[in-house]
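>>> sequence isn't available, so here's the structure alone:
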């Protein structure tokens, strides 16, 4: 099927418009906001950032009669290891995002929107800045959009290096000029979000899907995918495959198809060992599990993992799982905001245990401690970062225990063997 | 050391602040601006920004120290930031880091004596499909290997790429 | 009024009540570090996790609002496990310096460890994150970042109560720490509350450090006489020595105490504490000092004057009023008009004296001059001798100097004696003798003796009683209350 999001030659306003861009916005403005929300509900579109919450439902939580401003925020703080789809999407099809935001803003009654983009994405920032300006010049955003009397001002806001800001309430804190520490919920952002006003936060990919849904109808979108997991999804594939990159495929595609048909299979001389299917926080699958799995919300949940951000990390035979988990632990330890006790203390503890095990100084007891520390973090913090550390730990040890035990027995791998290319 | 924000900076700040219903929301963008001008965020700049936005100093300091992109001391003309997260790790980031350490004679967090290079290991840069990746100042260099890294270092040494403010 | 069930007991609570508060109403204690009733809820320590029916995860009791029909368990295995784990996480990077920590004995970590954990450490000591050990931050506090559990009570106190926002958590993750601007002192007038607020030994009082183990301390209710706010406080003492003053939180007046108020105990044990009389600059035993003072009072006849004091208790002012009656002088005054009200938005009162309202009660019973009239008579040369309390004498400073009238004062400490005082008589401080004070809200508050006065030093009413005996108009007071009775008769 034809790509909805990752399209070629639509990177500037003129070409986007020539391909039918901003027709959906016009169509949306002719509808009532509630009808726009209804259409998105019908599409079954779910949040593409990781949590998979139905987008239309999220929009409908904005109180109908709340006085004062409402805000629309785009989460472009792409930072989940193994995920690089939003970056590519913003570079290739920035106006799908801008148009999607204009429609969403109209639906929820927001006159101001912000794109919170990773601080490191300088090129993407410059491009978006430019394209926002051209959209404003053409009257697609700004005051009195397309003569409708509707206003929508869109601003770009750069982050400054903190994975935690991908969590929506940490992002709001950061956007308000504070440290990015997640907020207690309730109140949820729909009630009290940015600047204490009702706010919707959606991922880049979610918002960019909105124009197509409005244009072709929610039912059309819902027909793509598995029925429950609707539409297309961007999969970021990294690791030793022949063609790593971002692929747009209908939800429910098999991992096998993604790997073999799209990514050109495993690189020569490598064999699949394991897959982290949805970004580094999601539980790892063994090769056997991966070959059998379909990539959609439900199938991956059944397989004991998650679709997450769709960041598919492919791991080859011969790769030391203890080392890889150590790399992830170092990351979560580095990124824990430090607010909640279990995460602040647990991430560091896990990294230290893994450092010991990886260096062959650990014991079998350390493996049990590792799992019990992870379990002690699970579900006990304000935001899911602790879970994002705990889930890989628990799944790595469960599925590759023998490697951990070999390390504990002193049979550890040599440090970082050179990479075969 | 007397440090004052320039009139131009203040004018720019007013524009940035206007994007938000509360001026202090512009703190992070303004810190980026300071870093762009100075190469790092000095204590005096934190004082000045706090005064400009009517914020307690501690809030500014807390923000600067929370986010990894803000340099609190001058860095080299080229800030080499090697991603070491999982995909880059599998694609050979540890080897790249080792090579940089050897060639430059510095460890992570250090700057070469000539002030040309600062080396950092960073977490996922969001370019895993093109691993291994290194960010030099604000630019990404992707699909690196040792030969490409050596060539890039030569280019940088000979000033064939723009350096940062310092 | 939502009805909530906690550990099988049901209670109706006002809307907006948290599960933690509802549990408290039922007498169910939920452990907590970051929660404080007077600070915003931050929910970071995770110690108060409880099980709520139908919630997939444990919820923090501090941040969960009680809802109609909510069923909560605070004693399930799941909850106990969570508490054990959180406590373990808090302790892994905590130093093992309890033997030299002032918080020992009133430490949240020690207490909860005994209640909920008692587990052996499985974290190697060499893995502990090291942070900055003790350093003085400001005139009153020492900060030990290694002991800190990052509950942020201190940060919230400075941003929400004093609104000075000096403190913040710097950096992030397990290497984050509390700090303020380098080289700045933490000195906002209320800093010692931080030592109280801190649930562990991270913030300690420089004044109290290493003075006394807390388990040796006895506690007695006290009232702060630092200003007209009249904060309730508690004196912690041992072996006839006060070691610290802490607030006795109450709905009417204070949750906190100001730093100045906290230090008011120091005068009672200060090196310049008077235990004898002073004539001009010479120390002299009390009896001859009293005789001399009585002689001078008699000599001045109806040109002698008595000025009460808003720094003295109602009883002692009453005794002075009775003395004025005995002296048969019309020159007496219990009228002090200070502007009252909270000056700094927190606790410090515009009126620096603790008992202007108490003096007014004495004036209502015994009459006397307005302060302006008193001052006019003094300036006009009609008053030749003034008997008063040392700080009240300060109100007359210029007029005394101008008129050359003789001044006899009551004082606790040598440092209080006004320049040019003729005679000074010592008296017991209100840490040593009971007294009634009426604060700016009209609330009557009683101080109770905590320690004994230095040998030979008597309550002021007793000194007045003796003075009256020497001057031949004996009042025959047997107790402080007698003075009040005498006043009623008048």
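Received, thanks. For clarity, every value in this text was computed on a predicted model and none was experimentally measured.
>>> and residue B:159, how many residues sit next to it?
The number of residues packed near residue B:159 is 11, by other C-beta atoms under 10 Å in any protein chain shown. Backbone N, C-alpha and C define where each C-beta goes, glycine included.
>>> part of a strand, is it?
No. Counting by DSSP: H, G, I helix; E, B strand; the rest coil, residue B:159 is not part of a strand but coil.
>>> what residue ranges in the chain score low on pLDDT?
Defaulting to chain A. For chain A, the stretches with pLDDT under 70 are A:414-421.
>>> look at chain C instead
C:488-490.
>>> domain parsing for it?
For chain C, automatic domain parsing gives the domain ranges C:3-89, C:277-488.
>>> same check on chain B?
Structurally, chain B divides into domains by automatic domain parsing as follows: B:7-66, B:78-157.
>>> mean neighbour count and distance to chain A for these - can I get that in a markdown table?
Conversion of the domains of chain B to a markdown table gives the following (neighbours: other C-beta atoms under 10 Å in any protein chain shown; distance: least, C-beta to the nearest C-beta, whole Å):
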| stretch | mean neighbour count | distance to chain A |
| --- | --- | --- |
| domain B:7-66 | 19 | 4 |
| domain B:78-157 | 20 | 4 |
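>>> so which of the ones you listed comes closest to residue C:274?
Proximity to residue C:274, assessed across these by C-beta to C-beta, is greatest for domain B:7-66 (44.7 Å).
>>> check the offset of the closest one from the chain's centre.
What separates the centre of domain B:7-66 from the centre of its chain is 16 Å, taken as C-alpha atoms, centre = their mean, to the nearest Å.
>>> quick check: the residue lying closest to residue C:343 once chain neighbours are set aside vs chain A, distance?
For residue C:343, the nearest residue in space outside its immediate sequence neighbours is residue C:350; the separation is 4.6 Å by C-beta to C-beta, 6 or more residues apart in numbering or on different chains. In this structure, residue C:350 and chain A are 35 Å apart, going by C-beta to the nearest C-beta, to the nearest Å.
>>> nearest to residue C:281, of the domains of chain B?
Across the domains of chain B, residue C:281 has its closest neighbour in domain B:7-66 (49.5 Å, C-beta to C-beta).
>>> closest residue of the stretch 301-450 of chain C to chain B?
Of the stretch 301-450 of chain C, the residue with the smallest distance to chain B, taken as C-beta to the nearest C-beta, is residue C:345 at 16.9 Å.
>>> list the contacts of that residue.
Counting by C-beta atoms under 8 Å, 6 or more residues apart in numbering or on different chains, residue C:345 touches residue C:163.
>>> secondary structure class for it?
Assigned by three-state DSSP, the conformation of residue C:345 is coil.
>>> contact partners for residue C:470?
Residues C:290-291, C:293-295 are the ones in contact with residue C:470 under the rule C-beta under 8 Å, 6+ apart.
>>> could you redo these as TSV and give each row distance to residue C:169?
Putting the contacts of residue C:470 into TSV (distance: C-beta to C-beta, whole Å) gives the following:
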residue	distance to residue C:169
C:290	60
C:291	65
C:293	60
C:294	64
C:295	67
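>>> out of these, which touch chain B?
For chain B, no contacts are drawn from these by C-beta under 8 Å from any C-beta of the partner chain.
>>> let's see which of those end up in helices.
Helix and strand membership here follows DSSP state H; of the contacts of residue C:470, those in helices are C:290-291, C:293-295.
>>> between the residues you listed, which has the most around it?
Within these, residue C:293 tops the neighbour count with 26 neighbours, counted by other C-beta under 10 Å.
>>> ok, it touching residue C:407?
No. At 10.8 Å, residue C:293 does not count as touching residue C:407 under the criterion of C-beta atoms under 8 Å.
>>> if we can go back for a sec, so can I have CSV of the domains of chain C showing distance to residue C:151?
Listed next are the domains of chain C as CSV, based on distance: least, C-beta to C-beta, whole Å:
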stretch, distance to residue C:151
domain C:3-89, 4
domain C:277-488, 22
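>>> now the end-to-end length of stretch C:168-183.
15 Å (C-alpha to C-alpha, to the nearest Å).
>>> buried ones in that stretch, by neighbour count?
Of all the residues in stretch C:168-183, those buried under the rule 16 or more other C-beta atoms under 10 Å in any protein chain shown are C:168-181.
>>> about what we covered before: tabulate the domains of chain B (a markdown table), appending mean pLDDT and distance to residue A:253.
Putting the domains of chain B into a markdown table (pLDDT from 0 to 100; distance: least, C-beta to C-beta, whole Å) gives the following:
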| stretch | mean pLDDT | distance to residue A:253 |
| --- | --- | --- |
| domain B:7-66 | 96 | 38 |
| domain B:78-157 | 96 | 18 |
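>>> indicate which one of those domains is closest to residue C:318.
Checking the domains of chain B against residue C:318 by C-beta to C-beta gives domain B:7-66 as the closest, at 49.2 Å.
>>> tell me if the closest one is near chain C.
Yes. For domain B:7-66, a contact with chain C is found by C-beta under 8 Å from any C-beta, at B:43, B:56-59, B:61-62, B:65-66.
>>> let's see which of these end up in helices.
The subset of the residues of domain B:7-66 next to chain C that ends up in helices is B:43, B:57-59, B:61-62, B:65-66, with DSSP H as the criterion.
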